[in-house]
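*Asks:* A predicted structure for the sequence below; I have some questions about it.
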Amino acid sequence: VAALPLALVGAGRALPLAVGLNPAWEARIAALRDQIVIPILGAREALTQAEWEDLAGRFAAHRAWVAAMPANPVAVLPVADVRALLADGTCAALTRLIDEDLAAETAAGQVDALERLVRYNRDLVRLLRNFVTLSDFYSRHDKAIFQAGTLYLDQRSCELCLRVGDMARHATLAPLSGTYLVYCECQRQGEAPMNIVAAMTGGDADEMMVPGRNGIFYDRQGRDWRASVVKVVEAPISVRQAFWSPYKRIGRMIGEQLQKFAAARDKAVNDQAATGVAGASAKIEAAPAAAAAP
């Protein structure tokens, strides 16, 4: 009903303010009449097009003022509160405090510069040794910053473990590394689950690192997590495995084809046996009926 016209439609007709209105709009039209029309134009039963345009023009300045109002917490304060703040000297006090802050900006900037210098002195060398020269990673004296911990899986320990925020996005670039990668979901009671990726750099992984395998992950704090393999990016781990990889793939393909062939033959034999049993049963059921016939 609200989508219908406000009142009966007619050429040159005025908008009624009391009688003949759309029921869905009666309350709002009554508010317009009592709060806007009567205080400005006086009491009347209908509103003409010219009177409506006159009212709209009177509120043009108000609409422009509302549009120019800044979007900040002060804009939603009641007008009475704002006037009270202007009257009791609060505005002047705030302006004075802002001026004092601006005057102390130089000292604050120097403090920030000193803090930055102290942090550079403490962390810059370590940052360069972990992300430029990678000396902390290759020296093996301690774990590098980016190493999340150690994953124990399939009787081996994987120390090159990284935390992964978006596994799907990370997996799109993972094949470019040329490394056998194992993605695990780690869970620990009282802690939020996390995802890690571990690089396999030694031994073989022939059909062993499959989703569902379980292991143990120890983080940098020495806490143990239950790790479960959720995704594997396969790649040769060693030169020997790279050499035999094509032959293993061919052997795996032949084995799969033989399994499919054997399954198809087994199904055909079962279907043929079922057909034979059904035919024999029909003959046995038909034999008494033929013997009883005169």
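*Replies:* Done, it's in.
*Asks:* confidence score at residue 209?
*Replies:* On the pLDDT scale, residue 209 is placed at 62.
*Asks:* What are the boundaries of the strands in the stretch 51-200 of the chain?
*Replies:* With DSSP state E, counting those that start in this stretch as the criterion, the stretch 51-200 of the chain has strands at 149-153, 156-158, 161-164, 180-187, 194-200.
*Asks:* Next, format these as CSV and append distance to residue 24, mean neighbour count and mean pLDDT.
*Replies:* Just so you know, the C-beta spots here come from the backbone N, C-alpha and C atoms, and that holds for glycine as well. Below are the strands of the stretch 51-200 of the chain laid out as CSV (distance: least, CB to CB, whole Å; neighbours: other CB atoms under 10 Å; pLDDT from 0 to 100):
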stretch, distance to residue 24, mean neighbour count, mean pLDDT
strand 149-153, 65, 21, 91
strand 156-158, 69, 17, 87
strand 161-164, 55, 18, 91
strand 180-187, 55, 22, 91
strand 194-200, 54, 22, 91
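*Asks:* Can you give me the domain boundaries for this structure?
*Replies:* 15-68, 76-144, 147-239 (the TED database).
*Asks:* residues contacting the residue nearest the centre of the chain?
*Replies:* Most central in the chain under CA atoms, centre = their mean is residue 166, positioned 9.2 Å from the mean C-alpha point. Counting by CB atoms under 8 Å, 6 or more residues apart in numbering, residue 166 makes contact with nothing.
*Asks:* Look up phi and psi at it.
*Replies:* Dihedral angles of residue 166 (phi, psi; degrees, to the nearest 10) stand at phi -120, psi 100.
*Asks:* separation between it and residue 173?
*Replies:* Distance, residue 166 to residue 173, by CB to CB, to the nearest Å: 11 Å.
*Asks:* Equivalent analysis for residue 190, please.
*Replies:* In this structure, residue 190 and residue 173 are 33 Å apart, going by CB to CB.
*Asks:* Have a look at these two and say which one is more surrounded.
*Replies:* More crowded of residue 190 and residue 173, by other CB atoms under 10 Å: residue 173, with 8 against 4.
*Asks:* show me what contacts the more buried one?
*Replies:* Per CB under 8 Å, 6+ apart, neighbours of residue 173: none.
*Asks:* Any stretches of the stretch 1-150 of the chain with poor pLDDT?
*Replies:* By pLDDT under 70, the stretch 1-150 of the chain has no low-scoring segment.
*Asks:* follow-up on the earlier one: ranking the domains of the chain by burial, who's on top?
*Replies:* Using mean count of other CB atoms under 10 Å, the stretch among the domains of the chain with the greatest mean number of neighbours is domain 147-239 (a mean of 16).
*Asks:* Any idea how far it is from the middle of the chain?
*Replies:* The chain centroid and the centroid of domain 147-239 are separated by 22 Å under CA atoms, centre = their mean, to the nearest Å.
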